[in-house]
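Undergrad: Make a model of this:
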Amino acid sequence: MASPSGGRPPVAVRSLSCPACGATTAVRLFGHAVNVVCQSCHTLLDARDAGVTILQKFTDAVRDEPQIPLGTRGTLHDVVYEVVGFQVRQVVIDGTRYQWREYLLFNPYKTFHYLTEYDGHWNFVTPVFLLPGGDQTPGSARSRTYRGQTFRHFQTATATTVFVLGEFPWQVRVGEKAIAADYVAPPRMISAEISMDKEVTWSLSEYLDGRDVWKGLALQGSPPRAKGVFANQPSPHGGSVRRMWTHAAILALLALLIWSVEAMTSQQKQAFTQSFVYNAQNAGDASLVTPMFELDGRPSAVRVETAANIDNQWIFVGYSLINDETGQTFDFGREVSYYHGYDDGESWTEGSRTDAATLPAVPAGRYFLRIEPDGDRAGKSIQYRVTVVRGVTTALWLLIALGLIVVPPIVATWRAVTFERLRWQESGGVSSDSEESDG
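TA: Prediction:
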């Protein structure tokens, strides 16, 4: 471990013998060690006592093997650390136990730091001495501010130490409890712990990718795969959603501009118009065929307009636009209806005397219309006019384009919302001592 001046401090590792099993245990924390756990029998020893007093015997036969061996040295955040302590802690919420692992990191020229791991999610933890803004009772506020950043309350629960190994610069015991309150602003989290004697300590965590931990500490193999979404895990979708909506807005404006230019430059040429009469009393076979008309130019939209002198009547017109040369047919039907009257002294109207249907991308050629009208046979005869306009602007392609443009950002937004929902569904309330004692 390099010193600030560039030299190396002398190795000052001493050892002590465990009174419980006689095994030799190394002490790496020099004069910092308060508790040392025997790596053989897991008895908790007082490192400050020359006679090595037993503080607590570990009777649980279950051993939690650290994923990072004690004594491992490596670089995290450009600082060389040695892993000197390990503990497993847990909270019990709604009868379910949640355990995480903490690794104590030591550098003689830096304050103690920690690595925490839960379900493959890692955090680099730094003690903080500048108190976050807000009520100083941890867990009492919905949010807190620290260095200008707002952190939302995630969870407050009673944490219990269930396993210890290595050396610690503070008094540590299996079964020791503390109230822990977490506030998140991904990728950071501030946490407060209240010990049983009401001492409050704060820390700042920063989310780390397990691969960065393995690389920095030169560990063999691969880190455990992360499961679920952790409290301060940064969303992989957050930044992309904003960019995608920005790009979508630009593309939508471009599509609207193209459509506007097309609308202003469209020829809107009338190719055919003629009036017809539908005799409601003698409908019979009222179908008819129009004279030929020319649709010239490049393939473009054609609008077929229907206008009728109906009065409290309706008429349905079946159309077939037929290319006389190729036989290509466009079939469609339109209904025109108009009603009006008085109700409770107020006039009302329903429907319209005009209608229009647009056919997209009709090729050039000679065409005629086959018309099959049908209407209200109890009414009077209906006069209707049919008009065909070539080169009209249609919004169909624009609607399709806008739909395709917004699909990617909508999907990205849905993924981001789902990610946040998974994050906050792991948030819990306050775990009481009685809940913890059940475990």
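
Undergrad: where are the low-confidence patches of the stretch 201-350 of the chain?
TA: 282-285 (pLDDT under 70).

Undergrad: if you set the cut-off to 90 instead, what comes out?
TA: For the stretch 201-350 of the chain, the stretches flagged by pLDDT under 90 are 201, 236-240, 242, 259-268, 279-287, 297-301, 343-345.

Undergrad: mind listing the strands for it?
TA: 269-278, 288-289, 293-295, 300-308, 313-323, 329-343, 346-352 (DSSP state E, counting those that start in this stretch).

Undergrad: Out of those strands, flag the one nearest Pro224.
TA: In terms of C-beta to C-beta, the element of those nearest to Pro224 is strand 300-308, at 60.0 Å. Every C-beta, even on glycine, is put in place using the N, C-alpha and C of the backbone.

Undergrad: neighbouring contacts of stretch 260-271?
TA: Identification of contacts with stretch 260-271 by C-beta atoms under 8 Å, 6 or more residues apart in numbering yields 293-295, 297, 300, 302, 387-393.

Undergrad: Give the buried subset of those residues as a PyMOL selection command.
TA: Filtering the contacts of stretch 260-271 down to the buried ones (16 or more other C-beta atoms under 10 Å) takes a single PyMOL command:
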select buried, resi 293+295+300+302+387+388+389+390+391+392+393
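
Undergrad: Val213: which of the contacts of stretch 260-271 is nearest?
TA: Closest to Val213 out of the contacts of stretch 260-271 is Thr393 (59.6 Å), distances taken as C-beta to C-beta.

Undergrad: Verify the stated contact: that closest one with Ile258.
TA: No - using C-beta atoms under 8 Å, Thr393 is not in contact with Ile258; the gap is 10.9 Å.

Undergrad: where do the helices sit along the chain?
TA: 210-216, 238-265, 396-425, 433-438 (DSSP state H).

Undergrad: I'd like those helices as JSON lines, with distance to Ala181 and mean neighbour count appended.
TA: Below are these laid out as JSON lines (distance: least, C-beta to C-beta, whole Å; neighbours: other C-beta atoms under 10 Å):
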{"stretch": "helix 210-216", "distance to Ala181": "25", "mean neighbour count": "17"}
{"stretch": "helix 238-265", "distance to Ala181": "25", "mean neighbour count": "14"}
{"stretch": "helix 396-425", "distance to Ala181": "16", "mean neighbour count": "14"}
{"stretch": "helix 433-438", "distance to Ala181": "15", "mean neighbour count": "13"}
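
Undergrad: would you turn the ones you listed into a markdown table with distance to Tyr118?
TA: Shown next, in a markdown table, are the helices of the chain (distance: least, C-beta to C-beta, whole Å):
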| stretch | distance to Tyr118 |
| --- | --- |
| helix 210-216 | 11 |
| helix 238-265 | 21 |
| helix 396-425 | 13 |
| helix 433-438 | 17 |
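
Undergrad: And the ones you listed: which comes nearest Pro132?
TA: Nearest of the helices of the chain to Pro132, taken as C-beta to C-beta: helix 396-425 at 20.3 Å.

Undergrad: now that closest one, how far from the chain's geometric center?
TA: Its chain's C-alpha centre and that of helix 396-425 lie 10 Å apart, by C-alpha atoms, centre = their mean, to the nearest Å.

Undergrad: try stretch 217-235
TA: 18 Å.

Undergrad: Same check on stretch 151-169?
TA: Worked out by C-alpha atoms, centre = their mean, stretch 151-169 lies 28 Å from the chain centre.

Undergrad: quick one on the thing from earlier: need the strands of the stretch 201-350 of the chain in CSV with distance to Thr201, can you?
TA: CSV is the format used below for these (distance: least, C-beta to C-beta, whole Å):
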stretch, distance to Thr201
strand 269-278, 81
strand 288-289, 92
strand 293-295, 82
strand 300-308, 72
strand 313-323, 80
strand 329-343, 76
strand 346-352, 74
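
Undergrad: Touching, Thr387 and Val302? I think so.
TA: No - the pair Thr387 / Val302 is not scored as a contact, 10.8 Å apart, by C-beta under 8 Å.

Undergrad: For the residue nearest to His113 when sequence neighbours are not counted, the count of nearby residues, please.
TA: Among residues not flanking His113 along the chain, Leu105 sits closest, at 4.4 Å (C-beta to C-beta, 6 or more residues apart in numbering). Around Leu105 there are 25 other residues, counting by other C-beta atoms under 10 Å.
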